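*Asks:* Next comes the sequence, and after it the predicted model I'd like to discuss.
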Amino acid sequence: MGSRHKTKRVKRRRRRDCHSQKPSGFESSSAVSSEGWPVALRERPDLSLTSDNTSFLQTRARLGEEDKNDIYEIFMRGPADPVGRIPRAVKLESFASGMSLDVLRIAQENGDLRPAVWRDDRNYRNKSAVPGAACKALTAYGLCLDFSKPRFPSSLNTSALSYAPIDDQTQDQKSSSVAPISSMTNGTTSLELDADRRLVYINDLDRYTIFAVVWTASPHQVPALRNALYHHLDFNALLEMSVNIGTFPAFELAFHLPFFVLKINSPRRGDHRVDNKKKTLRRSYNLPSLDGPKGTSSDWLHEAHISCTVTGSDEVRWMAYAFIDTYYFDANDEDREDATENEADALEDDRADLSVDEEGDLEDHTMCPDALTYGVEDAGKPIWNPRIYFLAVFARRLQQARREWENVVMNFTERIRAFEEVHENAMSDSTRFQSSDEQRNTLDIHESLAWVLKTKHLTDRMCKVLGGTIRAYEPFCSRHEACGDGSLRFPQGHRLLAEVYKTFEILCQLEFKLSNLVHSCGQYESELHARLNAIQSQITAKAMAVSNEQLELSTTALELGKKQSQFAQESKRFSWIMMLYVSPIALTASVFSMEESVLPKVLPFVKPNVGWFIGLICIFELVGIIVHAAWSQWGKLGKLAGEAQRYRDFWSPSRWFTRSRKSSVDEESRPVTPVTNAPPSPPAVPAYARSES
């Protein structure tokens with residue numbers, strides 16, 4: 001664990017050196033001024049600190065509005081919101097429903113909570129860190145416990161305190177004069193130090209940390225946190241800068257930065273944060289393989305989002321919240337942001353000793369990385385001006401998103417170029433699609449079309465996200481626009497502002513490249529559709545040709561059938577002629593051609609004369625007519641023979657004899673029913689009596 005933190009500290013030092021060759025802090029410039037920043041915010045007003053020492057929900061609970069099932073509804077409801085369900089509250093509740101302090105406590109005891117929170121409290125008057133609250137890593141439950149303590153324990157009258165306004169030009173000098181964490185300053189014990197400046201960093205905002213933020217937010221922080229939580233879940237770009245003198249909070253500086261992260265040859269690391277419909281907060285896309293649908297790809301494109309809000313009552317008392325997505329990193333990845341590594345470095349801050357690292361360089365243990373600024377700035381040398389601090393966080397996180405966008409655009413450009421090289425010959429070779437293997441060609445085109453469509457979908461999705469970011473940030477980040485929003489302005493010529501301008505110009509160039517990639521994918525899609533239509537037209541034409549050939553064959557077969565029928569008719573006529581005219585004469589001639597001694601023996605009644613010759617011819621012709629008639633009516637003769645057989649069987653004497661014998665046997669075998677209790681039969685009536693009656 002120690003070697004891992006050591007390696008990360010070396011990387012952060014190099015990362016910090018890449019951003020600037022000067023030490024941490026901000027350079028003075030004659031062009032830097034506080035023009036545009038309301039004077040009222042430079043003076044510490046007389047405020048009641050009691051409300052900032054208690055939670056908004058706890059305050060509402062004391063008023064009798066405690067409802068564990070509607071805490072998000074109470075938190076998200078603003079003064080102008082109508083009665084009824086609030087869509088923003090519904091979205092928040094979908095990811096964090098069922099949470100309570102008891103649930104967090106049980107999860108803490110079971111070891112289910114990770115140290116996802118980093119907080120840093122500083123006191124402005126003493127220019128020192130609040131003991132026990134500087135560069136500290138916490139779980140969601142630990143955040144609830146720590147923030148339940150008063151943020152402003154001092155009982156002094158804030159209006160009587162003399163706080164010099166913060167000058168932009170003297171920011172470096174003020175940042176460098178900071179006492180160590182364990183100091184006791186100006187006769188005020190460390191337990192009484194107010195947390196004038198509070199930083200809160202949360203990676204992978206989930207249902208536990210959402211509840212912790214909602215449960216611990218003070219009434220003055222609620223308006224800014226409403227927007228911060230909702231827009232972080234919404235995955236949309238937004239840049240808000242507002243100053244409202246006389247209200248709370250007096251100022252709000254916020255940015256929401258969506259982007260995409262590409263991981264090459266990496267297993268899938270989907271977002272573990274899901275809503276009540278099992279839908280993940282961020283989506284991960286598996287990039288298509290150039291090997292076709294059967295090929296597998298281990299390249300993943302992940303959605304990521306960064307949100308930061310700086311809000312407060314004046315230049316002295318303010319706080320910053322940052323929500324960072326890091327779910328796409330491997331747990332052992334050295335580039336992964338971790339709240340615990342910043343805490344480990346802060347613990348070494350008190351030692352303030354120097355050692356030699358593996359490369360022979362002096363290892364600086366006094367660096368306390370500021371998690372919100374991507375570890376570039378030193379939390380031990382705090383930036384007291386909220387505008388400059390917001391600009392520092394915005395510049396570092398915008399550069400982080402720029403690096404991820406550059407990686408994504410470069411990779412997609414190479415992928416589309418590789419697609420061109422693989423399929424260029426096939427796309428340009430017109431003879432290939434004239435081959436007989438249309439089925440294979442169609443399959444290849446379908447695979448290429450599927451690859452192009454998915455790549456186009458992802459590229460178009462990224463182009464819309466980056467385009468939305470540019471449109472949201474252009475009023476502030478463009479060199480041609482004013483460097484502020486309304487009455488809120490930032491110091492012209494500041495190094496951080498110049499970095500923001502440069503980074504924004506690079507993002508505009510990347511957006512132009514992405515739009516070109518979308519256009520290229522659209523052209524490939526049109527070409528593939530044209531090729532596919534051409535092959536389908538060829539297949540249709542060949543199918544029609546085969547159909548025509550089959551029709552011609554059917555016509556030929558029909559003509560052959562007709563000719564065969566005609567031939568059969570001719571054969572029938574010829575056989576009739578042979579039977580009636582030729583065969584009788586031939587048979588008669590064969591009879592009379594016998595020897596005179598043989599003819600009387602075979603046909604004794606035939607005499608060898610002309611009469612019998614003609615008679616035999618007539619007899620043979622009659623026999624032929626009878627045979628021809630029987631042959632043509634053979635089916636009817638078969639039916640008549642069957643009817644005759646049934647008629648003979650019906651009137652057969654043996655059948656009637658069998659039936660009569662069976663009837664007599666049945667009569668004899670029938671049982672005789674005895675007559676019991678029958679009435680006496682009437683006496684017989686004589687014949688004469690019947691006649692008389």
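*Replies:* Nice, thanks for sending it over. Numbers count the residues shown, from 1 in each chain.
*Asks:* isn't residue 49 right next to residue 196, touching?
*Replies:* No. Using Cβ atoms under 8 Å, residue 49 makes no contact with residue 196, being 10.6 Å away. In short, each C-beta sits where N, CA and C put it, glycine included.
*Asks:* Now for residue 287, how many residues are close by?
*Replies:* Residue 287 has 20 neighbours, counted by other Cβ atoms under 10 Å.
*Asks:* Relative to residue 288, how far out is the closest residue to it other than its chain neighbours?
*Replies:* Computed as Cβ to Cβ, 6 or more residues apart in numbering, the closest residue to residue 287 that is not its neighbour in sequence is residue 299, at 4.2 Å. Separation of residue 299 from residue 288 (Cβ to Cβ, to the nearest Å) stands at 9 Å.
*Asks:* Mind checking the pLDDT average for stretch 532-550?
*Replies:* For stretch 532-550, the mean pLDDT works out to 84.
*Asks:* before we move on, what about stretch 383-393?
*Replies:* Confidence over stretch 383-393, taken as the mean pLDDT, stands at 93.
*Asks:* circling back: of residue 299 and residue 288, who's got more company?
*Replies:* Using other Cβ under 10 Å, the more surrounded residue of residue 299 and residue 288 is residue 288, with 22 against 16.
*Asks:* Let's verify that one: helix, strand, or coil?
*Replies:* coil (DSSP: H, G, I helix; E, B strand; the rest coil).
*Asks:* Would you check that it makes contact with residue 451?
*Replies:* Yes. Using Cβ under 8 Å, residue 288 is in contact with residue 451, at 4.9 Å.
*Asks:* Would you double-check that residue 285 falls in a strand?
*Replies:* Yes. According to three-state DSSP, the state of residue 285 is that of a strand.
*Asks:* Secondary structure element for the closest residue to it other than its chain neighbours, which one?
*Replies:* Nearest non-adjacent residue to residue 285, counting by Cβ to Cβ, 6+ apart: residue 301, 4.4 Å away. Secondary-structure element containing residue 301, defined by DSSP states H and E: strand 300-312.
*Asks:* same question for the helix or strand following that strand, mean pLDDT?
*Replies:* For strand 300-312, the following helix or strand on the C-terminal side (DSSP H and E) is strand 318-324. What strand 318-324 shows for mean pLDDT is 96.
*Asks:* tell me how far strand 318-324 is from the chain's mean position?
*Replies:* 30 Å (Cα atoms, centre = their mean, to the nearest Å).
*Asks:* Show me what that strand is packed against.
*Replies:* In terms of contacts (3 or more Cβ pairs under 8 Å, 6 or more residues apart in numbering; DSSP states H and E), strand 318-324 is packed against strand 197-203, helix 222-234, strand 300-312, helix 386-428.
*Asks:* chain center to the last one: distance?
*Replies:* If you compare the mean C-alpha spot of helix 386-428 with that of the full chain, they lie 21 Å apart, counting by Cα atoms, centre = their mean.
*Asks:* Show the subsequent helix or strand relative to it.
*Replies:* Heading C-terminal from helix 386-428, the first helix or strand you meet, by DSSP H and E, is helix 438-477.
*Asks:* now that next one and helix 386-428, what's the angle there?
*Replies:* 160 degrees (axes from the mean of the first three to the mean of the last three Cα atoms, to 10 degrees).
*Asks:* which residue is nearest the middle of the chain?
*Replies:* residue 283 (6.5 Å; Cα atoms, centre = their mean).
*Asks:* rewinding a little: quick check: the residue nearest to residue 285 vs residue 453, distance?
*Replies:* 16 Å.
*Asks:* my read: residue 113 touches residue 140, true?
*Replies:* Yes. Between residue 113 and residue 140 there is a contact at 5.7 Å, judged by Cβ under 8 Å.
*Asks:* Helices of the stretch 551-693 of the chain, start to end?
*Replies:* 583-592, 599-602, 610-632, 634-650, 653-669, 687-692 (DSSP state H, counting those that start in this stretch).
*Asks:* how about the strands in the stretch 451-600 of the chain?
*Replies:* 484-485, 488-489 (DSSP state E, counting those that start in this stretch).
*Asks:* can you count the residues close to residue 478?
*Replies:* Counted with other Cβ under 10 Å, residues neighbouring residue 478 total 15.
*Asks:* Once you drop chain neighbours, what's closest to it?
*Replies:* Nearest non-adjacent residue to residue 478 (Cβ to Cβ, 6+ apart): residue 504, at 6.7 Å.
*Asks:* Could you report the separation of that neighbour from residue 257?
*Replies:* Residue 504 is 12 Å from residue 257, where distance means Cβ to Cβ.
*Asks:* cool, residue 89 as well?
*Replies:* From residue 89 to residue 257 the distance is 24 Å (Cβ to Cβ).
*Asks:* Next: residue 553.
*Replies:* Distance from residue 553 to residue 257, counting by Cβ to Cβ: 71 Å.
*Asks:* okay, and the helix or strand of the protein with the least pLDDT?
*Replies:* strand 354-356 (a mean of 39; mean pLDDT, DSSP states H and E).
*Asks:* circling back to that earlier point, between the helices of the stretch 551-693 of the chain, which has the poorest mean confidence score?
*Replies:* Mean pLDDT per stretch puts helix 687-692 lowest among the helices of the stretch 551-693 of the chain, at a mean of 46.
*Asks:* For residue 252, grab the count of nearby residues.
*Replies:* Residue 252: 21 neighbours (other Cβ under 10 Å).
*Asks:* Wasn't it part of a helix?
*Replies:* No. If the criterion is three-state DSSP, then residue 252 is strand and not within a helix.
*Asks:* and it, what are its bridge partners?
*Replies:* Residue 252 forms beta bridges with residue 242, residue 311, as assigned by DSSP bridges.
*Asks:* what sits against it?
*Replies:* The contact partners of residue 252, by Cβ atoms under 8 Å, 6 or more residues apart in numbering, come to 223, 224, 227, 240, 241, 242, 309, 310, 311.
*Asks:* make it 7 Å
*Replies:* Applying Cβ atoms under 7 Å, 6 or more residues apart in numbering, we find residue 252 in contact with 224, 240, 242, 309, 311.
*Asks:* ok, the nearest residue to residue 206 once chain neighbours are set aside to residue 283 distance?
*Replies:* Sequence neighbours aside, residue 273 is the residue nearest to residue 206 in space, at 5.0 Å (criterion: Cβ to Cβ, 6+ apart). Distance of residue 273 to residue 283, computed by Cβ to Cβ: 12 Å.
*Asks:* what's the answer for residue 565, then?
*Replies:* 73 Å.
*Asks:* Check residue 398 too.
*Replies:* Residue 398 sits 23 Å away from residue 283, going by Cβ to Cβ.
*Asks:* And residue 525, by the same measure?
*Replies:* Distance, residue 525 to residue 283, by Cβ to Cβ: 23 Å.
*Asks:* One more: residue 82?
*Replies:* Remark: distance between residue 82 and residue 283 (Cβ to Cβ) = 32 Å.
*Asks:* again with residue 236
*Replies:* 14 Å.
*Asks:* The strand holding residue 301 relative to helix 386-428, how many degrees between them?
*Replies:* Using the same axes, to 10 degrees, strand 300-312 lies at 160 degrees relative to helix 386-428.
*Asks:* pLDDT averaged over strand 300-312 - what is it?
*Replies:* 96.
*Asks:* And for stretch 450-464?
*Replies:* Stretch 450-464 comes out at a mean pLDDT of 94.
*Asks:* Any buried residues in that stretch, and which?
*Replies:* Using 16 or more other Cβ atoms under 10 Å as the test for burial, stretch 450-464 gives 451, 452, 455, 456, 458, 459, 460, 461, 462, 463.
*Asks:* Show the contacting residues for the residue nearest to the centre of the chain.
*Replies:* Residue 283 neighbours (Cβ under 7 Å, 6+ apart): residue 303.
*Asks:* Count the neighbours of residue 550 for me.
*Replies:* Neighbourhood size, residue 550 [other Cβ under 10 Å]: 10.
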